[in-house]
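Generate a structure from the sequence data that follows.
(one chain, ligands or ions: 1)
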Amino acid sequence: MCLEEPYDLITKDGLTYLNFKRWQLDSQLIHCFTTRLGGVSTQSLSSLNLGFNRGDTKDNVLQNYQRVCEVLCVPYESLVLSKQVHDTNIIKVTSQDRGNGICYTNKWDSIDGMYTTEKKITLVTHYADCVPLFFYAPKHAMIGMAHAGWRGTVNEIAKKFIEIWVNTEHIPVEAIEVAIGPSIGACCFETDEEVASIFIKQFGNQPFITYKEATKKYHIDLWACNQHVLIDAGVKVQNIVTAGLCTSCHENLFFSHRKSNGKRGTLGAFMALS
Ligand SMILES: [Zn+2]
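Next comes the predicted model:
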């Protein structure tokens, strides 16, 4: 049996990005997860670095954003960059936030999740091993993203996100679809007991936390852990898709903080209503 991948890797104007098949034919939604291919940055940042804090020139990074905007057909001024600090703060973005973090200095202290119902806004979150969570309620034209590193995952930013949409925005939970993008997989996310014990304390003993006797190390499956949190929050299993791509295993395609010992560029997740 050959299971079909839930995503496509699309190359347009020399830039390669990941797109979830489930949402590809939805003309209301623009979304992508970038790879490292298609930008102007060099060496360890080669080539589509979207991080202003990676030692790259500002001009290179701005050119890289411009390239993504052209490929997605979204205006540069529509970008809204988050301020990710591995916490669980989530904000509703409006037209007043257009350009945050790129056309003008970022105005937030701690934002790991963003959502909106407005058009002409392109949400942007950043990654290099952490888990990208894409949220979409098609019938309600609501989009959002959360950055879930291991801290965001164990602190259940995914659940917090769902709770805001259900309780504050009155979206029925069964109307919410979630896509889990590329990140470090259980294959490469090896931890010591200190990190594993935080997961065990939060979730109990779960199949997504495993111990390898040979190395005396733990491996945590952040995709399965986020799935667990989402299902616990009421999201339907059939409404969750997972790319299943490990950033550390695919260093030719992605930036990986762990694989590169921190010498890496930054990937971006983009979402907009058209
Ligand atoms: Zn891996």
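
near the ion, which residues of this structure show up?
185, 187-188, 246, 248-249 (CB under 5 Å from the ion). For glycine as for every other residue, the C-beta is placed from the backbone atoms N, C-alpha and C.

Closest to residue 7 out of the residues you listed?
Closest approach to residue 7 among the residues of the chain next to the ion (CB to CB): residue 246, at 13.5 Å.

you'd agree the closest one is up against residue 188?
Yes - Residue 246 is within contact range of residue 188, at 5.8 Å (criterion: CB atoms under 8 Å).

ok so residue 219 is a strand residue?
Yes - Residue 219 forms part of a strand when assessed by DSSP: H, G, I helix; E, B strand; the rest coil.

Could you pull up the contacting residues of it?
Residue 219 sits next to 186-187, 189-191, 209-212 when contact means CB atoms under 8 Å, 6 or more residues apart in numbering.

what do you get for residue 71?
Counting by CB under 8 Å, 6+ apart, residue 71 touches 12-13, 15, 17, 32, 38.

next one: residue 157
88, 90, 112-113, 133, 146-148.

Secondary structure and pLDDT added to the contacts of residue 219, as JSON lines?
Formatted as JSON lines, those follow (DSSP: H, G, I helix; E, B strand; the rest coil; pLDDT from 0 to 100):
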{"residue": "186", "secondary structure": "coil", "pLDDT": "98"}
{"residue": "187", "secondary structure": "coil", "pLDDT": "98"}
{"residue": "189", "secondary structure": "coil", "pLDDT": "98"}
{"residue": "190", "secondary structure": "strand", "pLDDT": "98"}
{"residue": "191", "secondary structure": "strand", "pLDDT": "98"}
{"residue": "209", "secondary structure": "strand", "pLDDT": "98"}
{"residue": "210", "secondary structure": "strand", "pLDDT": "98"}
{"residue": "211", "secondary structure": "strand", "pLDDT": "98"}
{"residue": "212", "secondary structure": "strand", "pLDDT": "97"}
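
Switch these over to CSV, and while doing so, append neighbour count to every line.
Shown next, in CSV, are the contacts of residue 219 (neighbours: other CB atoms under 10 Å):
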residue, neighbour count
186, 18
187, 11
189, 21
190, 17
191, 16
209, 21
210, 13
211, 12
212, 10
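
From these, pick the one nearest residue 100.
Distances from residue 100 to those, taken by CB to CB, are shortest for residue 189, at 30.5 Å.

The longest helix anywhere in the chain: what's the following helix or strand?
Assignment by DSSP state H gives helix 58-72 as the longest helix of the chain. For helix 58-72, the succeeding helix or strand toward the C-terminus, using DSSP states H and E, is strand 79-81.

what separates that following strand from the chain centre, distance-wise?
When C-alpha coordinates are averaged (CA atoms, centre = their mean, to the nearest Å), strand 79-81 and its chain have centres 14 Å apart.

Which neighbouring elements make contact with that strand?
Secondary-structure packing of strand 79-81 (3 or more CB pairs under 8 Å, 6 or more residues apart in numbering; DSSP states H and E): strand 122-127.

how far off helix 58-72 does the strand it packs on point, in degrees?
Strand 122-127 and helix 58-72 meet at an angle of 120 degrees, taking axes from the mean of the first three to the mean of the last three CA atoms, to 10 degrees as the criterion.

give me the low-pLDDT residue ranges for the protein?
Within the chain, the segments meeting pLDDT under 70 span 1-2.
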